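>>> Sequence first, then the predicted structure:
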Amino acid sequence: MKQIKWGVLSTSNFGINHLIPAIRASKTGNVHAIASRDKNKADRVAKELNIPFSYGSYEELLADETIDAVYNPLPNHLHVPWTIKAMEAGKHVLCEKPIAMNSKEAELLLRKTRELPELKVMEAFMYRFHPQWAEVQSLLERQEIGTVQSFHSVFTYYNDDPENIRNWPKMGGGGLMDIGCYCISLSRFLFGSEPESVFGKLEIDPQFGVDRKASGILTFGEKTATFTCSTRTHDYQRAIIFGTDGLIEIERPFNPSGDEPAYIYLTKNGERKTIQIDSVDQYRLQVDAFTHSIINNTAVPTPVEDAVANMNVIDAVFKSDEKRSVIDL
Ligand SMILES: NC(=O)c1ccc[n+]([C@@H]2O[C@H](COP(=O)([O-])OP(=O)(O)OC[C@H]3O[C@@H](n4cnc5c(N)ncnc54)[C@H](OP(=O)(O)O)[C@@H]3O)[C@@H](O)[C@H]2O)c1
């Protein structure tokens, strides 16, 4: 089978701990090079992780003609600029979420993907590759909970580290960008459509100037989706779908452990049934799906159009909070 040679832009913690191992575990995985703004750091990480090549700048990595695909886990404000540069160097790109600083910037990337349709670009919403969602979709299709009425999601953690990119407004920090983007993405994914209106409320951290708590109400016709995300709250995540005849709870909707089963709870007729899904590395499944699209020249599962639509809703939450009113989309 054809192997895809990957280059990794930066020594990002997430890349080192999750995505590089996922590329290696994938069917076609081959991490060929890593780059850092600091050559010593690139060399050290390459040595530790046994990566054959290391570069002291992102430009040098992009100039390596043997690289087929680039993984971009840079801070959010560098997602679009470096994804476009990588495409101009002829590389496919798996780019971290959220894809851009706003929908306008995401549209620049969309334009580039239309100019270079032979290159695959995908936003790394890894949660979609976990088989628990196929199970949820199947429960919904079988109308196990009757007619869906509403969807609610929560994603929180505590991080007040002043050095962390999530606490820097200029880098696209804040909870809405970091984790609210998942709640919005999941609402759109489950309902299979775009919200018609959005109401958002943010709480801004006075020290850092980023949102530390964000809530939103999204309407999808008769259905509603609500979410709360926070970067100053106890670690938690949960998603609940309410129907006329029951409800479905997804215990870890966003990053279920790769080593333990995932659990879904179906409540109906006064009973709560547990559905266990075998453990799986959703990051590896994401890499497999992306490289499958490269090798077979097929559409990526999450196209950049989807990323633009997600940014559009994120923009609307910010705007709604600023205007203190509902935003019609
Ligand atoms: N999909 C997921 O499950 C998931 C989970 C966590 C994070 N993420 C995403 O991954 C991205 C990185 O997150 P992370 O936690 O890995 O962050 P991180 O450890 O801070 O890594 C970001 C890297 O970007 C590089 N960089 C370039 N310019 C920078 C600047 N001005 N300031 C700081 N760093 C700069 C640095 O690498 P060099 O010094 O080597 O150049 C740094 O190591 C974010 O977009 C985040 O949303 C996704």
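Looks like it came in fine. Residues are numbered from 1 along each chain as shown.

>>> how about the residues of the stretch 101-250 of the chain near the ligand?
Contact residues (Cβ under 6 Å from any ligand atom) of the stretch 101-250 of the chain with the ligand: 124, 126, 165, 178. Where C-beta positions appear, they are placed from N, C-alpha and C, glycine not excepted.

>>> Now do the SS call for residue 248.
Look at residue 248: counting by DSSP: H, G, I helix; E, B strand; the rest coil, its state is strand.

>>> Pull the contacting residues for the nearest residue to it once chain neighbours are set aside.
Ranked by Cβ to Cβ, 6 or more residues apart in numbering and with sequence neighbours excluded, the top spatial neighbour of residue 248 is residue 241, at 4.5 Å. Residues in contact with residue 241 (Cβ atoms under 8 Å, 6 or more residues apart in numbering) are 136, 140, 145, 148, 150-151, 190, 247-248, 250.

>>> Likewise for residue 146?
243-246.

>>> Please pick the buried ones from these.
Among the contacts of residue 146, those classed as buried by 16 or more other Cβ atoms under 10 Å are 243, 246.

>>> Helices along the stretch 1-150 of the chain, start to end?
Ranges of helices in the stretch 1-150 of the chain, per DSSP state H, counting those that start in this stretch, are 13-14, 20-25, 39-49, 58-62, 79-88, 103-115, 132-141.

>>> Save those as TSV, and put in distance to residue 257 and mean neighbour count too.
Output for the helices of the stretch 1-150 of the chain, formatted as TSV (distance: least, Cβ to Cβ, whole Å; neighbours: other Cβ atoms under 10 Å):
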stretch	distance to residue 257	mean neighbour count
helix 13-14	16	12
helix 20-25	14	20
helix 39-49	22	16
helix 58-62	31	20
helix 79-88	26	21
helix 103-115	30	17
helix 132-141	12	16
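
>>> Make JSON lines from those helices and add mean pLDDT and distance to residue 196 to it.
Shown next, in JSON lines, are the helices of the stretch 1-150 of the chain (pLDDT from 0 to 100; distance: least, Cβ to Cβ, whole Å):
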{"stretch": "helix 13-14", "mean pLDDT": "98", "distance to residue 196": "34"}
{"stretch": "helix 20-25", "mean pLDDT": "98", "distance to residue 196": "36"}
{"stretch": "helix 39-49", "mean pLDDT": "98", "distance to residue 196": "46"}
{"stretch": "helix 58-62", "mean pLDDT": "98", "distance to residue 196": "40"}
{"stretch": "helix 79-88", "mean pLDDT": "98", "distance to residue 196": "27"}
{"stretch": "helix 103-115", "mean pLDDT": "98", "distance to residue 196": "16"}
{"stretch": "helix 132-141", "mean pLDDT": "98", "distance to residue 196": "20"}
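
>>> between those, which gets nearest to residue 214?
Nearest of the helices of the stretch 1-150 of the chain to residue 214, taken as Cβ to Cβ: helix 103-115 at 16.9 Å.

>>> Model confidence for residue 2, exactly?
Residue 2 carries a pLDDT value of 80.

>>> Then residue 229?
For residue 229, the pLDDT comes out at 98.

>>> check contacts around it.
Residue 229 sits in contact with 154-156, 175-176, 178-180, 182-183, 213-215, where contact means Cβ under 8 Å, 6+ apart.

>>> Next, it: secondary structure please.
strand.

>>> Could you do the one 4 residues further on as well?
In terms of secondary structure, residue 233 is strand; the call rests on three-state DSSP.

>>> Just confirm it contacts residue 157, I think it does.
Yes. Counting by Cβ atoms under 8 Å, residue 157 is a contact partner of residue 233 at 7.3 Å.

>>> what does the model give the residue sitting nearest the centre point of the chain for pLDDT?
By Cα atoms, centre = their mean, the mean C-alpha position of the chain lies nearest to residue 125, the distance being 3.0 Å. As predicted, residue 125 sits at a pLDDT of 98.

>>> same deal with the one 3 residues further on?
Residue 128 is assigned a predicted lDDT (pLDDT) of 98.

>>> Give me the neighbour count for it.
Around residue 128 there are 19 other residues, counting by other Cβ atoms under 10 Å.

>>> from memory it sits against residue 189, does it?
Yes. Using Cβ under 8 Å, residue 128 is in contact with residue 189, at 6.4 Å.

>>> can you give me the helices in the stretch 151-300 of the chain?
175, 181-191, 282-296.

>>> looking at it, residue 272 is touching residue 265, isn't it?
Yes. Counting by Cβ under 8 Å, residue 272 touches residue 265, with 5.6 Å between them.

>>> State the pLDDT value of whichever residue of the stretch 201-329 of the chain sits closest to the ligand.
Per Cβ to the nearest ligand atom, residue 255 is where the stretch 201-329 of the chain lies closest to the ligand, at 5.8 Å. Residue 255 is assigned a pLDDT of 95 by the prediction.

>>> Quick check: closest non-adjacent residue to it.
Spatial nearest neighbour of residue 255, chain neighbours left out: residue 127 (7.0 Å); criterion: Cβ to Cβ, 6+ apart.

>>> Many thanks, I have nothing further to ask.
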